[in-house]
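# sequence first, predicted model second:
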Amino acid sequence: MDSEKEQNGKKRGRPSANKDLTIVLEAVAKIFAMKGFDGAQIKEIANKANFSASLLHYHFSDKEDLWKKTVSKLGQELLNKLMEIE
């Protein structure tokens, strides 16, 4: 099967790094919203984002790093929306 063909409704192959980051940070936001910082687990976040936990550990130093990057991204998105209003 060609790597660009769809399988189970999803395109196979490697998405861009920016898209990967967006997927991970969306998963982080959802898990933290449901379980809080202490209740969230890297493995659960990795599963939600369809990544391995080891890959997340490679790109993020720890759970706090994931949290900081998620809050930063959400804050930037909010600022962008507020700028559109003005």
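Here it is on my side, so go on. Since the model is a prediction, treat every value here as computed from it, not as a measurement.
# list the buried ones in the helix or strand where Glu77 lies?
According to DSSP states H and E, Glu77 maps onto helix 63-85. By neighbour count with 16 or more other Cβ atoms under 10 Å, helix 63-85 contains the buried residues Lys63, Leu66, Trp67, Lys69, Thr70, Lys73. Glycine gets a C-beta too; all of them are placed from N, C-alpha and C.
# cool, stretch 49-67 as well?
Neighbour-count burial for stretch 49-67 [16+ other Cβ under 10 Å]: Ala49, Phe51, Leu56, Phe60, Lys63, Leu66, Trp67.
# which residues sit against that stretch?
For stretch 49-67, the external contacting residues (Cβ atoms under 8 Å, 6 or more residues apart in numbering) are 20, 23-28, 32, 37, 40, 42-43, 45-46, 69.
# show me which pair in the residues you listed is furthest apart.
Farthest-apart pair in the contacts of stretch 49-67 is Asp20 and Phe37; separation 22.5 Å (Cβ to Cβ).
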